[in-house]
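>>> take a look and give me a structure for this.
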Amino acid sequence: TEARLTPYGAIELRYPLQRSDANGVRHILEPAIQVAWSETQGDPVAVEDSEIVEFDEANLFALDRFPGSDRREQGARAAVGVGYTRIDPLGWSAGVTAGIVLRADDLAQFTPGSGLDGETSDWLLATHLALGDSLRVINRALFDQQLDFTSNELVLNWRNDVANVASTYTWLEADTAEGRDDDLGEWAFDAGYRFDSDWIAGVNWRYDFAEAEPTRAGLRLGYENECVDVELAVSRRYTTSTTLDPATEFGLTVALNGFGATREGRSQARGCR
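Sure thing, here's the model as predicted:
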């Protein structure tokens with residue numbers, strides 16, 4: 001049994017500004033600054049759940065950016081950021097968030113691939129575009145003062161009543177501390193189409209730009225009514241490692257809807273009699 005104590009203290013100031021145009025367009029601007037301090041006292045523990053840190057707009061002003069509890073963020077630091085959003089009455093919106101973290105001392109808590117190492121973190125720049133509930137595009141990037149990118153992620157989601165498409169491109173700088181000896185560039189694609197109220201088909205694909213080859217591909221076909229939910233799937237893994245060989249997998253799932261919850265994404269709501 002190990003015992004630790006981490007006190008936190010922080011002051012955060014925000015100054016949201018809003019303006020509405022004559023045509024109904026709303027502009028929201030919110031600059032913010034946070035000054036924080038924390039220090040862990042007690043016994044060290046093995047780091048198992050705090051190894052990989054993701055720095056994004058969601059934790060720009062978080063007191064602790066580690067995902068687990070094996071490590072706690074320490075030291076005196078300041079987070080500075082600004083967000084802007086434009087909301088159009090026609091049903092679309094766009095926005096951007098930028099920020100940076102400054103530290104009094106470099107305590108070597110974070111790896112270079114996290115974007116949080118050093119006394120000055122990488123710049124965080126996140127943009128988004130939304131067209132109602134049908135289309136959403138998000139881009140997140142981390143880069144240093146020399147405009148060298150540490151990571152970049154582009155996400156696109158589109159859907160209507162019968163089809164949906166999700167596509168993601170991710171680029172990560174090499175970081176041996178995170179088990180990534182080489183730069184990573186990967187494109188993921190997932191799409192589904194509902195032929196009618198009972199039949200649905202889908203396809204997914206992953207491609208590794210660093211290795212210039214696909215890593216995974218799959219097809220699925222499902223049938224659903226008020227009593228039964230059946231899905232047939234086939235997937236192919238192309239990658240090879242010391243412990244894994246390329247393989248093709250087949251799967252068949254059968255669920256009785258009258259005896260339990262249906263799987264996510266199913267729309268049947270009639271009762272089975």
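>>> contacts for stretch 105-119 next, please.
Under the contact criterion Cβ atoms under 8 Å, 6 or more residues apart in numbering, stretch 105-119 has outside partners 52-55, 65, 71, 73-76, 101-104, 121-122, 124, 142, 150-151, 172-175, 177-178, 180. From N, CA and C alone the C-beta is placed, and that goes for glycine too.
>>> let's see which of those end up in strands.
In strands, judged by DSSP state E, the following of these are found: 75-76, 101-103, 124, 142, 150-151, 172.
>>> and for the residue nearest to Arg216 when sequence neighbours are not counted, the neighbour number?
Here the nearest residue to Arg216 in space, its sequence neighbours aside, is Arg206; by Cβ to Cβ, 6 or more residues apart in numbering that works out to 4.3 Å. Neighbourhood size, Arg206 [other Cβ atoms under 10 Å]: 18.
>>> isn't Arg206 up against Gly218?
No - with contact defined as Cβ atoms under 8 Å, Arg206 does not reach Gly218; the gap is 9.1 Å.
>>> so how far is Val45 from Thr1?
For Thr1, the distance to Val45 (Cβ to Cβ, to the nearest Å) stands at 10 Å.
>>> neighbour count: the two, which is higher?
Val45 (13 against 3).
>>> ok, the more buried one touching Asp70?
Yes - between Val45 and Asp70 there is a contact at 5.5 Å, judged by Cβ under 8 Å.
>>> quick revisit: what's near enough to touch the residue nearest to Arg216?
186-189, 214-217.
>>> export those residues to JSON lines and append columns for pLDDT.
Converted to JSON lines, the contacts of Arg206 look like this (pLDDT from 0 to 100):
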{"residue": "Glu186", "pLDDT": "95"}
{"residue": "Trp187", "pLDDT": "96"}
{"residue": "Ala188", "pLDDT": "97"}
{"residue": "Phe189", "pLDDT": "96"}
{"residue": "Pro214", "pLDDT": "91"}
{"residue": "Thr215", "pLDDT": "91"}
{"residue": "Arg216", "pLDDT": "93"}
{"residue": "Ala217", "pLDDT": "95"}
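>>> does Gly113 count as helix, strand or coil?
Here Gly113 is helix, with the state taken from DSSP: H, G, I helix; E, B strand; the rest coil.
>>> count of residues packed around Val116?
That one is not Val; residue 116 is Leu. A count of neighbours around Leu116, defined by other Cβ under 10 Å, yields 25.
>>> for it, helix, strand, or coil?
coil.
>>> that one and Thr85, how far apart?
Counting by Cβ to Cβ, the gap from Leu116 to Thr85 is 25 Å.
>>> kind regards, and thank you for your time.
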